[in-house]
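Participant: got a sequence here, can you build the structure:
(one chain, ligands or ions: 1)
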Amino acid sequence: MISKEDIVAFEKEIAEIFATGAIRAPVHLRGGREDALIKIFKDNRIDADDYVFGFWDSHELALLKGVPPEAVKAAIVRGRSISLCFPEYKVLCSGIVGSLMGTAAGVAWSLKQQKKPGRVYLFCGDMSAETGSFHEAVKYVHHFDLPATFIVCDNGVSVMTDTREVWGAKEPWFEGTKYEKHVIYFKYVNEYPHSGLGKLIKF
Ligand SMILES: Cc1ncc(C[n+]2csc(CCOP(=O)(O)OP(=O)(O)O)c2C)c(N)n1
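Facilitator: Model (predicted):
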């Protein structure tokens, strides 16, 4: 599995390339959650049979799932950072908030019906976890006992808006509910701005 140091160096290199204007598409860099992500991949033994769903900030997920760094980098430079998809590695991502929860539940349903090995892991942010589609997917997975786990990476904000303030709740909706067992939750502080580098990049 790729090391923390290599993930950090990868994001740094992408930041440097982005700063040159060579990437003509949005890039969402992340730093500060490498240990948590590595632990989740290790603890759950996420491997080739498993599906990883992610969103606009999925560089680390693709690397941890075993996509070669050169392939991830090439996709990012081609402008695919916010929707990295490597079907052959079962890594599927989308730049649309709330878009993949139903797909993830559907893949989990299919794995169960076809008695195939593997499990679905969907990684998202704290605001994404407050969407109706996230709630529906967790509810569906719970009641049909489907092989899916939802990982909520809580950086406290949705772009620059305080997620807890928006919902008037101090904790995520699933905390203390029967659905909690389907969710892995951790907090982190992102070392990068939500998107880009926090300054105008001219192409
Ligand atoms: C349907 C839709 N609306 C708005 C956006 C713009 N957008 C991209 S990321 C994001 C914030 C999501 O917050 P969160 O789920 O907490 O993610 P994180 O902070 O971890 O990036 C928003 C509003 C989008 N990508 N899709």
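Participant: what about stretch 162-180, how long is it end to end?
Facilitator: For stretch 162-180, the first-to-last residue distance is 22 Å (C-alpha to C-alpha, to the nearest Å).
Participant: shaky segments in the chain?
Facilitator: Of all residues in the chain, none has pLDDT under 70.
Participant: contact residues of it facing the ligand?
Facilitator: Within the chain, the positions near the ligand by C-beta under 6 Å from any ligand atom are 56-57, 95-97, 124-128, 153, 155, 157-159, 163, 194. No exception for glycine: its C-beta is placed from N, CA and C like everyone else's.
Participant: just the buried subset of those residues, please.
Facilitator: With burial judged by 16 or more other C-beta atoms under 10 Å, the buried subset of the residues of the chain next to the ligand is 56-57, 95, 97, 124-128, 153, 155, 157-158, 163, 194.
Participant: among the residues you listed, which pair sits farthest apart?
Facilitator: Distance extremes for these: the farthest pair is G95 and T163 at 18.7 Å, using C-beta to C-beta.
Participant: from what I can see S81 touches R30, true?
Facilitator: No: the criterion here is C-beta atoms under 8 Å, and S81 misses it with R30 at 11.1 Å.
Participant: now the common contact residues for these two.
Facilitator: H59 (C-beta atoms under 8 Å, 6 or more residues apart in numbering).
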